[in-house]
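>>> Sequence and predicted structure are below.
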Amino acid sequence: MTVLATSPSLADVRGEFPALQRRGRDGSPVIYADAPGGTQVPKRVVEAMVDYLVAHNSNIEGEFDATVETDDVIAQARLAAAAFVGAAEDEIIFGGNMTSLNFNLIRALGRRLNPGDEIIVTQLDHEANVSPWLLLAEDRDLTVRFIGVTDDLDIDLEQLQGALSPRTKVVAHTLSSNAVGTVPPAAVIADMAHDVGATVWVDAVAFAPHRRIDVAQLGCDVLLCSPYKFFGPHAGLAWIRRSFAEELVPERVRPASMYPVGHRFETGTLSHEAIAGVTAAIDYLASLGAGSDLAHQLDDAYSLIARHESGLSERFLAGIEALPQVTLHGTQDVDRRVCTFGLSIDGVDPAAAARWLNDRSIYSWNGNFYAQGVMEHLQLPMEEGILRIGFVHYATTEEVDRVLDAIAELGEVSQ
């Protein structure tokens, strides 16, 4: 077992996650190679959510103790989320999920767009950052331009450069492919977009468990992610640059105009217990690192996570390269990807492969993962898609080896 850091060890880290004690149908410890679809949660997240519901459950902005405590839970979550993305707490937005938040934010932006304005999206993206733009374009008579991907499934920057113009109002793209793990050069894309006056709108869902988010370094104007992908509960989290937010009229009831900019984009009553869990998830991540405050602890933690996961990626990629019956979709360069791998196995349906792995206590995903552009580029049927294997920092090298052995065995028996 490798060591994530001098303290805590990987064994200590794994001890934080009760789900990692689960055993599969063959009696073996379960390997959660399904991380791109959602991570497991540490004990402190469960405890924070239960504590809120048992001891503090209330609506907001009242004059009694429980409601004041609820206000504090939300305020603390905004501070934690602000540190998590490198922003100010009043720019943070909570919601039910990333997709719902994105629809809401995009509809607000739509009021400022005019017929003939152009939106750029990419084939690398999850549909949550594609379809809302297509629907808005239908309503507002806008043009949506698709940017393709390279042979190793990165955003085609040359094609992007050719598509940008003064008519471009938004460049929307992912920070990491949820299907194949590519990490595009976000800062480069942001500079290209801002050169023509466009807003940069990024999906950080598949990026957040693996890499440190810093909106200043990324150069984006809007960022969305999902806490259940970074060891928290099912919820949505967004950040919007204050100066940009102040120009928008959100989809919200009239009294909301008195609230800070981020809160104005939150519709209805939030899941306060989930928000408590988001804070606990960020605190957990920070506990992996060292530093004088939450932001610096997160910096250190993500440095350790990246180092550990790079080792896992190198091991997995080397193992897959030795299996001629297996095709890896995407780059072999660990510096341009996260620990998410899209695979095809000769003669094996992805769903059958996932069932095979499940019989060996390995959880994985099969399908298209709402990454329609990727499947179209690969010329694969949407209904079948690919096999997706993904690890996060609580995975071990022994687990990677078990997955590789199972895939090798499946490839052999399929011949």
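Noted; the coordinates are in hand. None of the values given here were measured: they were computed from a predicted structure.
>>> Pull out the buried positions in stretch 221-234.
221-233 (16 or more other Cβ atoms under 10 Å). Quick note: C-beta positions are derived from backbone N, CA and C, even for glycine.
>>> And stretch 39-54, by the same measure?
39, 40, 41, 42, 44, 45, 48, 49, 52.
>>> what does that stretch contact?
Around stretch 39-54, the neighbours that count as contacts under Cβ atoms under 8 Å, 6 or more residues apart in numbering are 16-20, 32, 70, 73, 209, 228-233, 272-274, 276-277, 279-281, 283-284, 392, 394.
>>> So the nearest residue in space to residue 90 that is not next to it in sequence, which state does it fall into?
Of all residues not flanking residue 90 in the chain, residue 260 sits nearest, at 3.9 Å (Cβ to Cβ, 6 or more residues apart in numbering). Of the three states, residue 260 takes coil according to DSSP: H, G, I helix; E, B strand; the rest coil.
>>> give me the number of residues near residue 260?
Residue neighbour count, defined by other Cβ atoms under 10 Å, stands at 14 for residue 260.
>>> In this structure it contacts residue 88, no?
No: using Cβ atoms under 8 Å, residue 260 is not in contact with residue 88, being 9.4 Å away.
>>> Show me the domain layout of the protein.
What automatic domain parsing lists as the domains of the chain is 10-32+294-413, 47-285.
>>> would you list the ones you listed in a markdown table and tack on mean pLDDT?
A markdown table is the format used below for those (pLDDT from 0 to 100):
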| stretch | mean pLDDT |
| --- | --- |
| domain 10-32+294-413 | 97 |
| domain 47-285 | 96 |
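>>> quick one, helices of the stretch 101-250 of the chain?
Using DSSP state H, counting those that start in this stretch, the helices of the stretch 101-250 of the chain run over residues 131-140, 157-163, 186-195, 215-218, 242-245.
>>> ok, the closest residue to residue 38 other than its chain neighbours to residue 370 distance?
Using Cβ to Cβ, 6+ apart and skipping the chain neighbours, the partner closest in space to residue 38 is residue 228 (5.0 Å). From residue 228 across to residue 370, the span is 15 Å (Cβ to Cβ, to the nearest Å).
>>> again, but for residue 218
Distance from residue 218 to residue 370, by Cβ to Cβ: 22 Å.
>>> Let me see the contact set for residue 320.
With Cβ under 8 Å, 6+ apart, residue 320 has these contacts: 326, 328, 341, 343, 404, 407.
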